[in-house]
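1. Show me how the following folds:
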Amino acid sequence: MEEIQQQQDLANGTEKKKEKSALREIVESILIAIVLAFMIRYFLFQPFYIPSGSMEPTLKPYDRIIVSKMSFWFSEPERGDVIVFRYPLDPSRDFVKRVIALEGETVEIRNNQLLINNEVIDEPYLPPLVMRDYGPTKVSEGHLFVLGDNRNHSDDSRFWGFVPEEYLVGKSVLIYWPPDRIELLGGK
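-> All right, here's what the predicted structure looks like:
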């Protein structure tokens, strides 16, 4: 009789261990998933919402994009990149604009044309528009000059100055919402 009781106790102990280990595995899996999601969002990729039409036609109001936070770890921003950065006048806000001029370059808008170092820059992503003249202005070291694609309705470097490179959040790589606008975003 004692032998049967010992076997039952052993079987119950094994079942309790299995239950505890299954519960423990579930909790560990959830914790690992949360840590990975946090790491991916904080260090690698982050979703952003487009609230205004300042980047039309490239990005429309209510679009949602994925930004690669690691894109500038290995390379410098290039003219034409659509970037997310902390707004220089209020770093708690994020802005999305296109890189137009890099440090040391002279930017000017004259007769509805963008000039970098006195050379006309082709901007095939722009709709026809009328732009006020601007500059010439030389971009400071460690800074970028950015403009919205919807130049007539964009709060950008023409009004508040250059973006410090340390304010870069990342490069826009994908429109993922709405579904009919899913598209990879490249520079230029």
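
2. use CA for all of it now, contacts and neighbours both
-> Will do.

3. Would you check how far apart the residue most central in space within the chain and R110 are?
-> Centroid-nearest residue in the chain, with CA atoms, centre = their mean: V67, separated by 2.6 Å. To R110, V67 is 32 Å away according to CA to CA, to the nearest Å.

4. again, but for L36
-> Taking CA to CA, one finds L36 at 49 Å from R110.

5. what's downstream of the helix or strand containing I32, the next helix or strand?
-> Taking DSSP states H and E as the criterion, I32 maps to helix 2-39. Sequence order places strand 45-49 as the next helix or strand after helix 2-39, per DSSP H and E.

6. Give the other helices and strands that the longest strand anywhere in the chain contacts.
-> Criterion DSSP state E: the longest strand present in the chain is strand 168-177. Under the contact criterion of 3 or more CA pairs under 8 Å, 6 or more residues apart in numbering; DSSP states H and E, strand 168-177 touches strand 64-68, helix 71-74, strand 82-86, strand 183-184.

7. possible to save the ones you listed as CSV with mean pLDDT and distance to R93?
-> Below are those laid out as CSV (pLDDT from 0 to 100; distance: least, CA to CA, whole Å):
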stretch, mean pLDDT, distance to R93
strand 64-68, 93, 15
helix 71-74, 84, 20
strand 82-86, 96, 6
strand 183-184, 88, 24
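
8. hmm, back to that, what is the mean pLDDT for the helix holding I32?
-> Helix 2-39 carries an average pLDDT of 67.

9. Give me the domain ranges for the chain.
-> 1-45, 50-184 (automatic domain parsing).

10. Please compute how far stretch 157-165 lies from its chain's middle.
-> 18 Å (CA atoms, centre = their mean, to the nearest Å).

11. can you check stretch 29-42 too?
-> 19 Å.

12. Pick the most deeply packed of the domains of the chain.
-> Counting by mean count of other CA atoms under 10 Å, domain 50-184 has the highest mean neighbour count of the domains of the chain, with a mean of 17.
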